[in-house]
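Trainee: Structure for this input, please:
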Amino acid sequence: GMEGMMSEEDMAALQNAQGVEASKLYLTQMVKHHEGAITMAQNEIKDGQFPDTVTVTRSVVTSRQQGIGAVDKILASL
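Mentor: The predicted model follows:
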């Protein structure tokens, strides 16, 4: 599948988790999801043919990196 997408096993683990463990699993998967979005965006920045799309894609990278930073702080506090 696409990078950053949850597998059936990941989904089952999340459904069966409770409390802090559920939060950790969810946040960890969100980081992977954001990392996948960054990879896709970087490919568009490198190979994109439309300047407006490349410009928007750069903002995707920035926002996802900021999101990962915020999630990392939350994970560290759990």
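
Trainee: okay, which residue is most central for the protein?
Mentor: His34 (1.6 Å; Cα atoms, centre = their mean).

Trainee: And the nearest residue to Ala17 once chain neighbours are set aside, how far from Leu75?
Mentor: In space, and not counting its chain neighbours, Ala17 is closest to Leu25: 5.1 Å by Cβ to Cβ, 6 or more residues apart in numbering. Where you see a C-beta, it was placed from the backbone N, CA and C, and this is true even at glycine. Using Cβ to Cβ, to the nearest Å, one gets 11 Å for the distance from Leu25 to Leu75.

Trainee: Tell me which of those two has more neighbours.
Mentor: Leu25 (17 against 14; other Cβ atoms under 10 Å).

Trainee: Tell me which residues touch that one, please.
Mentor: With contact set as Cβ atoms under 8 Å, 6 or more residues apart in numbering, Leu25 has these partners: 10, 13-14, 17.

Trainee: quick one: which helix or strand includes it?
Mentor: Using DSSP states H and E, Leu25 maps to helix 19-47.

Trainee: one step back: with the contacts of Leu25 in mind, which one is nearest to Pro51?
Mentor: Asp10 (36.6 Å; Cβ to Cβ).

Trainee: count of neighbours near the closest one?
Mentor: Neighbours of Asp10 under the rule other Cβ under 10 Å: 14.

Trainee: Apart from its neighbours in sequence, what residue is nearest it?
Mentor: Leaving aside its sequence neighbours, Asp10 sits nearest to Gln29 (Cβ to Cβ, 6+ apart; 6.1 Å).

Trainee: Point out where the chain drops to low pLDDT.
Mentor: Per-residue confidence for the chain (pLDDT under 70) gives these ranges: 1-2.

Trainee: how does it look with 80?
Mentor: Counting by pLDDT under 80, the ranges of the chain that qualify are 1-4.
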